[in-house]
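Undergrad: okay, sequence plus prediction incoming.
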Amino acid sequence: MEKYDMIVAAEQQFAREVTLGVIVGRPLTLWHSVIPGMFIIDFLRRGSAIKQYTRRFMFPRKLALDAARAEIHGQDKTVASADLEDNINKWLHALDLYTPELHQAHTVVIDVLSAHYLKLLEAEGDTYLLLIKNAYQNREGFQTFLDQISAAEKEVEREIINKFTENQKLEEKLLAEQNQVEMRRQKIMDDMF
């Protein structure tokens, strides 16, 4: 359970860093110098953006981590897979995002993450970075995972953009988030190997 909590905490911190990186990357508007107290409004928006992105970021990760933990405990894969499909379906419908393609894209992300988390849960280490280092042993192994998860996440983003065609702001937001994710993942890679 300790590794599970460590992984959840690390992923939540990663999500916060991505959100802050996106927010800090935006240029200040004219309103920041004209309206006194605009920093308070920004602070509240920042907190809301962090919560919103973290919730969206963590949902597939939590499902994947639960699937990896269930596999370690020997749970029947067909039951776990049916539960997973049902959870993805409910989540996408709740967000009014459901399409069969987006459902499939999320399933792929969760499968990639589940295999990753299974490695981490089976690895030795008392920190998240040590778990990664011991699970992958070298830069090439971890890079393979990063390539797989990046490709899967880009497919999810592509499907979201397809659902909301002609939404330039959404596309820009997703691209900014994607750039932050890649930059932070590269930093993790450089810190470890």
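TA: Structure's in. What do you need?
Undergrad: need the next SSE after the top helix by length along the chain, C-terminal direction.
TA: Within the chain, and with DSSP state H defining each element, the longest helix by residue count is helix 38-72. Scanning forward in sequence from helix 38-72 by DSSP states H and E, the next helix or strand is helix 77-94.
Undergrad: so what's the residue most central in space within the chain up against?
TA: In the chain, the residue lying closest to the centroid (CA atoms, centre = their mean) is Phe57, at 3.8 Å. Contacts of Phe57 were listed using CB atoms under 8 Å, 6 or more residues apart in numbering, and they are 11, 14-15, 18. Any C-beta I mention is one placed from the backbone N, CA and C, and that applies to glycine too.
Undergrad: so which of those residues is the closest to Lys187?
TA: Phe14 (10.4 Å; CB to CB).
Undergrad: ok, and the closest non-adjacent residue to the closest one?
TA: The shortest distance from Phe14 to any non-neighbouring residue, by CB to CB, 6 or more residues apart in numbering, is to Arg184 (6.3 Å).
Undergrad: what residues sit buried inside the longest helix of the chain?
TA: 50, 53-54, 57-71 (16 or more other CB atoms under 10 Å).
Undergrad: next, the angle from that helix to helix 77-94.
TA: Angle between the axes of helix 38-72 and helix 77-94 is 160 degrees (criterion: axes from the mean of the first three to the mean of the last three CA atoms, to 10 degrees).
Undergrad: thinking again about what came up before, quickly note the distance from the residue nearest to the centre of the chain to Ala152.
TA: 14 Å (CB to CB, to the nearest Å).
Undergrad: likewise Gln52?
TA: From Gln52 to Ala152 the distance is 21 Å (CB to CB).
Undergrad: contact partners for the residue lying closest to Leu131 once chain neighbours are set aside?
TA: Excluding its sequence neighbours, the residue lying closest to Leu131 (CB to CB, 6+ apart) is Gly125, at 4.2 Å. By CB under 8 Å, 6+ apart, Gly125 lies in contact with 131, 133-134.
Undergrad: 10 Å - rerun?
TA: 3, 6, 131-135 (CB atoms under 10 Å, 6 or more residues apart in numbering).
Undergrad: among those residues, which one sits closest to Leu174?
TA: Nearest member of those to Leu174, counting by CB to CB, is Ile132, at 25.5 Å.
Undergrad: what about the closest one, how many neighbours?
TA: Counted with other CB atoms under 10 Å, the neighbours of Ile132 add up to 24.
Undergrad: please apply the same query to Gln75.
TA: Around Gln75 there are 14 residues (other CB under 10 Å).
Undergrad: who touches it in this structure?
TA: Applying CB under 10 Å, 6+ apart, one finds that Gln75 lies in contact with 66-67, 69, 83.
Undergrad: cool, and Gln143?
TA: 136, 185-186, 189, 193.
Undergrad: now, among those, which is nearest to Pro100?
TA: Nearest to Pro100 among these: Arg185, at 28.7 Å, using CB to CB.
Undergrad: quick one: buried residues of the helix or strand where the closest one lies?
TA: Using DSSP H and E, Arg185 sits in helix 168-192. By neighbour count on 16+ other CB under 10 Å, the buried set for helix 168-192 is 174, 176-178, 180-181, 185, 188.
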